[in-house]
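Engineer: sequence first, then the predicted structure:
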Protein chains: 2
Amino acid sequence: MELKKAVVVPVENFYKYVSKHSLVKNKISKSSFRKMLQKELNHMLMDTGNRKAAHKLIQNLDTNHNGCISFNEYWNLIGGITCPIANLIRQQEQQSSS
Amino acid sequence: MELKKAVVVPVENFYKYVSKHSLVKNKISKSSFRKMLQKELNHMLMDTGNRKAAHKLIQNLDTNHNGCISFNEYWNLIGGITCPIANLIRQQEQQSSS
């Protein structure tokens, strides 16, 4: 899949979880965010290490502690979960090609 | 497309642009990064405002000024480009549904 199509998916996903009746515009509540992780990225969190990392990220994520997660905070968290997996994919590729 | 599949695409794309002979492991040089933007996200940078924003982001991005861009810096930039577009998509949807 092309990058330009792929990057729109997390955007659409973010707005899928922005609660319609939320007073805070364009933000996801922490609880919706956890639901999203479990539903959308659960396979990435199978490994306890990843799950602990995600939990810690969520704690640190709400940097302004308003209980809601902005698009940028959401995006950084997905990067935070994807990056270690990126390195894992990388190592596996290098091992299989050596 | 599912989020879990979509998030792997930027990861693979990052490693597509990590130069094989780069001394710096798992990093993209700034020049490769610009090439990637032009090739992969050019349609998102059509509007000069976006192009200026991306240019500024690249300048600020290399936060540790080592001329190379790590996965995290790369991921933040893609978020930085996608986020304004996310808001644009959002406004258009609200206008069309009102």
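Structural biologist: Received, thanks. Nothing here was measured: the structure is a model prediction, and the numbers come from that model.
Engineer: shaky segments in chain A?
Structural biologist: A:19-24, A:46-50, A:61-66, A:85-94, A:97-98 (pLDDT under 70).
Engineer: give me that answer again for 80
Structural biologist: Where chain A drops to pLDDT under 80, the residues are A:1, A:19-26, A:42-67, A:80-98.
Engineer: and it, which residues reach chain B?
Structural biologist: For chain A, the residues in contact with chain B (Cβ under 8 Å from any Cβ of the partner chain) are A:1-15, A:26, A:40-41, A:43-44, A:71-72, A:75-76, A:78-79, A:81-83, A:85-87, A:89-90, A:93. (C-beta placed from N, C-alpha, C; glycine too.)
Engineer: now the buried members of these.
Structural biologist: The neighbour-count test (16 or more other Cβ atoms under 10 Å in any protein chain shown) marks A:3, A:6-11, A:13-14, A:40-41, A:44, A:71, A:75-76, A:78-79, A:81-83, A:85-86, A:90 as buried among these.
Engineer: who touches residue A:18 in this structure?
Structural biologist: A:26, A:27, A:28, A:32 (Cβ atoms under 8 Å, 6 or more residues apart in numbering or on different chains).
Engineer: for residue A:31, grab the count of nearby residues.
Structural biologist: Residue A:31 is flanked by 11 other residues according to other Cβ atoms under 10 Å in any protein chain shown.
Engineer: which of the helices or strands spans residue A:25?
Structural biologist: Under the criterion DSSP states H and E, no helix or strand holds residue A:25.
Engineer: in which helix or strand does residue A:9 reside?
Structural biologist: helix A:8-17.
Engineer: any idea how far the residue nearest the centre of chain A lies from residue B:51?
Structural biologist: For chain A, residue A:78 is the residue whose C-alpha lies nearest the centre (Cα atoms, centre = their mean; 2.8 Å). When Cβ to Cβ, to the nearest Å is applied, the distance between residue A:78 and residue B:51 equals 25 Å.
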